[in-house]
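Q: Need the 3D shape of this:
(one chain, ligands or ions: 1)
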Amino acid sequence: MATSALRFQGTVQSRGEASDYLEAAGDVVLIKRGGRPRWLLLSCPCGCGEEFPINLDPRAGPAWRLYMSRHTGLSLYPSVWRESGCESHYIIWNDKIFLFGRYEDNFDSATETYGYTQLVEAVSERLSDTGLISFSDIAEDLGEVPWDVLMVCRRLVRKGFAREGVGEQRGSFGRL
Ligand SMILES: [Zn+2]
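A: Numbers count the residues shown, from 1 in each chain. Below you'll find the model as predicted:
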């Protein structure tokens, strides 16, 4: 898995304008219209040179959620799978791009996120002895970036405080 920096180039009003700002792999522009985020236009991080639009508007179809934090930067949920062209799979988290091989889906980060200790506590409180809860539901509940919550859950598993489901239940966690 390769990690590279995401470079936010600014906010514009149209797709046409956005292209002018994309020069290198990992450059990204936000397209906002009528005060609403519509698209994120990304120069594909794999280096294939294609511009890849990511829908942020739920009214226009399946949409990704953009998180912008002054502490940690830009995150996007869920991950992005390109179905055509280079077929890259990547995660955008805290101003970094995690680029996966085609069938790889495990990831972690050495960086501890802003407010990490409080997040560990808040996540631990949401885990139950009896059932499993998905990391995205915990994140929604806490108003946190899902990748931050996933990292915390996986660390709790490694420390022996939590368990992760298998198969379909992968990404769902419970208390041990
Ligand atoms: Zn690509």
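
Q: what about the helices in this structure?
A: With DSSP state H as the criterion, the chain has helices at 15-19, 116-126, 135-142, 146-158.

Q: Which positions within the third one qualify as buried?
A: What that stands for is helix 135-142. Across helix 135-142, burial judged by 16 or more other CB atoms under 10 Å covers 135-136, 138-139, 142. (C-beta placed from N, C-alpha, C; glycine too.)

Q: Name the residues that touch it?
A: With contact meaning CB atoms under 8 Å, 6 or more residues apart in numbering, helix 135-142 is reached by 77-78, 119, 122-123, 126, 144-146, 148-150, 153, 171-173.

Q: quick one: residue 69 from residue 115, how far?
A: 10 Å (CB to CB, to the nearest Å).

Q: Nearest residue to the most far-flung residue of the chain relative to its centre in space, please, no chain neighbours.
A: In the chain, the residue that sits farthest from the middle, by CA atoms, centre = their mean, is residue 130; the gap is 28.1 Å. Closest residue to residue 130 apart from its sequence neighbours, by CB to CB, 6 or more residues apart in numbering: residue 174 at 7.4 Å.

Q: what does this protein put close to the ion?
A: With CB under 5 Å from the ion as the criterion, the chain comes near the ion at residues 44, 46, 48, 86, 88.

Q: could you pull out the strands for the chain?
A: All strands of the chain, identified by DSSP state E, fall at 2-5, 7-12, 27-33, 36-43, 51-55, 65-69, 73-77, 80-81, 89-93, 96-100, 133-134, 162-164, 172-175.

Q: Can I get stretch 161-176 as CSV, trimmed to CA atoms?
A: Extracted in CSV, the C-alpha atoms of stretch 161-176 (Å, rounded to 0.1, in the frame of the first residue of the first chain):
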residue,chain,number,x,y,z
PHE,A,161,-10.3,-5.2,24.3
ALA,A,162,-12.6,-5.7,21.2
ARG,A,163,-13.5,-8.3,18.5
GLU,A,164,-14.2,-7.8,14.9
GLY,A,165,-16.8,-9.8,12.9
VAL,A,166,-15.8,-12.0,10.0
GLY,A,167,-17.2,-12.3,6.5
GLU,A,168,-20.1,-10.0,6.0
GLN,A,169,-19.6,-8.7,9.6
ARG,A,170,-16.1,-7.4,8.8
GLY,A,171,-16.0,-3.8,10.0
SER,A,172,-18.4,-4.5,12.8
PHE,A,173,-17.1,-4.6,16.3
GLY,A,174,-18.0,-5.7,19.8
ARG,A,175,-16.5,-5.7,23.3
LEU,A,176,-14.4,-8.7,24.4
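
Q: residues in contact with that stretch?
A: Contacts to stretch 161-176, defined as CB under 8 Å, 6+ apart, come from residues 124, 127-136, 138, 150, 153-154, 156-157, 160.
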